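With the input below, show me the fold.
(chains A and B)
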Number of protein chains: 2
Amino acid sequence: MPLFEHYLFICTNERDGSAARPSCLPRGSKKLKSDFKDAIKEAGLKHRVRANESGCLDQCEHGPVVVVYPEAVWYGNVQIGDVEEIVREHLVKGKPVERRRLPESCINSDRCPHRK
Amino acid sequence: MPLFEHYLFICTNERDGSAARPSCLPRGSKKLKSDFKDAIKEAGLKHRVRANESGCLDQCEHGPVVVVYPEAVWYGNVQIGDVEEIVREHLVKGKPVERRRLPESCINSDRCPHRK
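Numbering: from 1, shown residues only, chains lettered A, B, ... in the order given. As a prediction, this is how the structure comes out:
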């Protein structure tokens, strides 16, 4: 088997309801992970692409958040309906799905305009 | 702030004690994560490198397991005493710590000789 060609980390962090920042799990990221797993298998990419749960990726205002490595493409507000397109366009054809990409100005930035 | 230069995913998965495969959490990976966080901060790499918890990375026989992206360097059997060296040599100087690297033949492979 080859090494992984792509590795998806899907945030499944859950914060306390009283926390100042939101979190990804209550927005459905567990189901997102299992749908990615199924879609990857269906596309014949099992053993070449892995969908992995991760702890907080710290882009909480944009959840559910998914980051794809090694290319470090960050997706935000990923919905169940986006899974098939991300697998087909990005993981099979190599073209990230631009409409779900996080802008660079939002990633790893205290100045992200979506943070309160 | 720049985008992340390195992203460490540290497996904190915990399996049931009766599971066939071992898991990383009981081998101390939570402490590993907090030590990486501290060492990264101390090296002045905060906001450039992130140490992140992850779900099962599926290299369970080699735990605690850490993968560093975007370079996809896999470390196994990572101990508290290795943290400072990995930060200094790999994350600061760009030289992975070879003695803790997983051999390619063990990564993503059912034929890994360490699997039962």
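
in stretch A:17-36, what counts as buried?
By 16 or more other C-beta atoms under 10 Å in any protein chain shown, the buried positions in stretch A:17-36 come out as A:23-25, A:27-30, A:32-33, A:35-36. Placement of C-beta: from N, CA and C, glycine included.

Can you name the residues of chain A sitting close to chain B?
A:1-4, A:7, A:9, A:12, A:47, A:50, A:52-58, A:67, A:69-72, A:104, A:107-110 (C-beta under 8 Å from any C-beta of the partner chain).

Take the buried residues of stretch A:17-36 and lay them out in JSON lines including secondary structure and distance to A:Lys116.
Converted to JSON lines, the buried residues of stretch A:17-36 look like this (DSSP: H, G, I helix; E, B strand; the rest coil; distance: C-beta to C-beta, whole Å):
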{"residue": "A:Ser23", "secondary structure": "coil", "distance to A:Lys116": "15"}
{"residue": "A:Cys24", "secondary structure": "coil", "distance to A:Lys116": "17"}
{"residue": "A:Leu25", "secondary structure": "helix", "distance to A:Lys116": "20"}
{"residue": "A:Arg27", "secondary structure": "helix", "distance to A:Lys116": "17"}
{"residue": "A:Gly28", "secondary structure": "coil", "distance to A:Lys116": "22"}
{"residue": "A:Ser29", "secondary structure": "helix", "distance to A:Lys116": "21"}
{"residue": "A:Lys30", "secondary structure": "helix", "distance to A:Lys116": "26"}
{"residue": "A:Leu32", "secondary structure": "helix", "distance to A:Lys116": "24"}
{"residue": "A:Lys33", "secondary structure": "helix", "distance to A:Lys116": "27"}
{"residue": "A:Asp35", "secondary structure": "helix", "distance to A:Lys116": "30"}
{"residue": "A:Phe36", "secondary structure": "helix", "distance to A:Lys116": "29"}
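
Setting aside sequence neighbours, what's the nearest residue to the spatially most central residue of chain A?
Relative to the mean C-alpha position of chain A, the nearest C-alpha, by C-alpha atoms, centre = their mean, is the one of A:Val66, at 1.2 Å. Residue nearest to A:Val66 in three dimensions, not counting chain neighbours: A:Tyr75, with 4.6 Å by C-beta to C-beta, 6 or more residues apart in numbering or on different chains.

so how far is chain B from that neighbour?
To chain B, A:Tyr75 is 15 Å away according to C-beta to the nearest C-beta, to the nearest Å.

Tell me who's in contact with A:Leu57.
Neighbour list for A:Leu57: A:9, A:11, A:13, A:24, A:65, A:67, B:52 [criterion: C-beta atoms under 8 Å, 6 or more residues apart in numbering or on different chains].

Can you give me the neighbour number for the spatially closest residue to A:Gly76 that is not a sequence neighbour?
The spatially closest residue to A:Gly76, leaving aside those adjacent along the chain, is A:His62, at 3.2 Å (C-beta to C-beta, 6+ apart). When neighbours are counted by other C-beta atoms under 10 Å in any protein chain shown, A:His62 registers 23.

from memory A:His62 sits against A:Leu102, does it?
Yes - counting by C-beta atoms under 8 Å, A:His62 touches A:Leu102, with 5.7 Å between them.

hey, what's in contact with both of the two?
Jointly contacting A:His62 and A:Leu102 under the rule C-beta under 8 Å, 6+ apart are A:Gly76.

so how far is A:Lys31 from the closest residue to A:Pro26 other than its chain neighbours?
In this structure, A:Pro26 finds its nearest non-sequential neighbour in A:Glu14, 6.5 Å apart by C-beta to C-beta, 6+ apart. A:Glu14 sits 14 Å away from A:Lys31, taking C-beta to C-beta, to the nearest Å as the criterion.
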